[in-house]
Each structure stands twice: as C-alpha cells, then as structure tokens.
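J.: based on what follows, work out the 3D shape:
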Amino acid sequence: MQYALLIYSAPDAGPQTEEAQMAEMPAWFAYTEELAAAGAHLGGEALQMPDTATTVRVRNGERVTTDGPFAETKEILGGFYLIDVPDLDAAIEWAAKIPASPYGSIEVRPVMHIPDA
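T.: As a prediction, the model looks like this:
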C-alpha cells in the first residue's frame, strides 16, 4: 500500500537557527537513505514556508488567487514522504522515525488508487 507521510510542525518548533537546521540535516538524509534501502521510498520533498504559497479557487467559473496558505493553522505542512509499505502499521513505524516527530506531528494518509479510465 502507498501512504503519504505529511510532516507538520509549529513554525517555532524544532531547530530555529540556520546552524541548528543544518545540524539536523544528516538525520533527514539518514532517514531517507533508510527508507530507500528498505525499498519503501517512492518520493518526497521539503516545502517552502506557507507565506510563499498561492491558493487557487474557482467559483462560478472565475479563478481567484490568494497569497498564502489555504487555512491559518498552528502547525504548517513542511514536507512529505510518499512510501510503499505492506500496511498501516508499517507506515506508522516509518512515520515515528521521521526526525521532526519529536517536535511536530506526522499525518499518515493512504493514497487513493484510481483505476485507469
């Protein structure tokens, strides 16, 4: 089964300085390498801060764009991994290993498979 591991944290959680962020990077690289070695890694990316987002809505046939994220929240989506593992229990195990899990939260969401048309 495929799962998205969505990584959330408060903007003031985790490493705050560039030096501290760089010091945490080896843990992220090691996690990604572990996922790949297990054959579970399908992809993933870190995301820029929410103030760089653009939200698009179409209402009554008209497109409206708004600078910023879709919703104001206490935690922001900082990135994601896409994994392929046998079941939800395995996905939860991988989610718990994500370096941000001690100061953030990881949403484990199954990927919806849509049959070919």
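
J.: okay, CA-based contacts and neighbour counts for the rest of this
T.: Will do.

J.: so for the helix of greatest length in the chain, mean pLDDT?
T.: Across the chain, the longest stretch assigned as helix under DSSP state H is helix 18-37. The average pLDDT within helix 18-37 is 92.

J.: equivalent analysis for stretch 93-109, please.
T.: Rounded mean pLDDT across stretch 93-109 is 95.

J.: for that stretch, measure first residue to last.
T.: Terminal residues of stretch 93-109 lie 13 Å apart, using C-alpha to C-alpha, to the nearest Å.

J.: separation between residue 28 and residue 10?
T.: Distance from residue 28 to residue 10, by C-alpha to C-alpha: 18 Å.

J.: tell me who's in contact with the most centrally placed residue in the chain.
T.: By C-alpha atoms, centre = their mean, the chain has its centre lying nearest to residue 80, at 2.2 Å. Counting by C-alpha atoms under 8 Å, 6 or more residues apart in numbering, residue 80 touches 4, 5, 6, 7, 44, 45, 46.

J.: distance of the closest residue to residue 104 other than its chain neighbours from residue 44?
T.: Nearest non-adjacent residue to residue 104, counting by C-alpha to C-alpha, 6 or more residues apart in numbering: residue 9, 4.1 Å away. According to C-alpha to C-alpha, residue 9 stands 17 Å off from residue 44.
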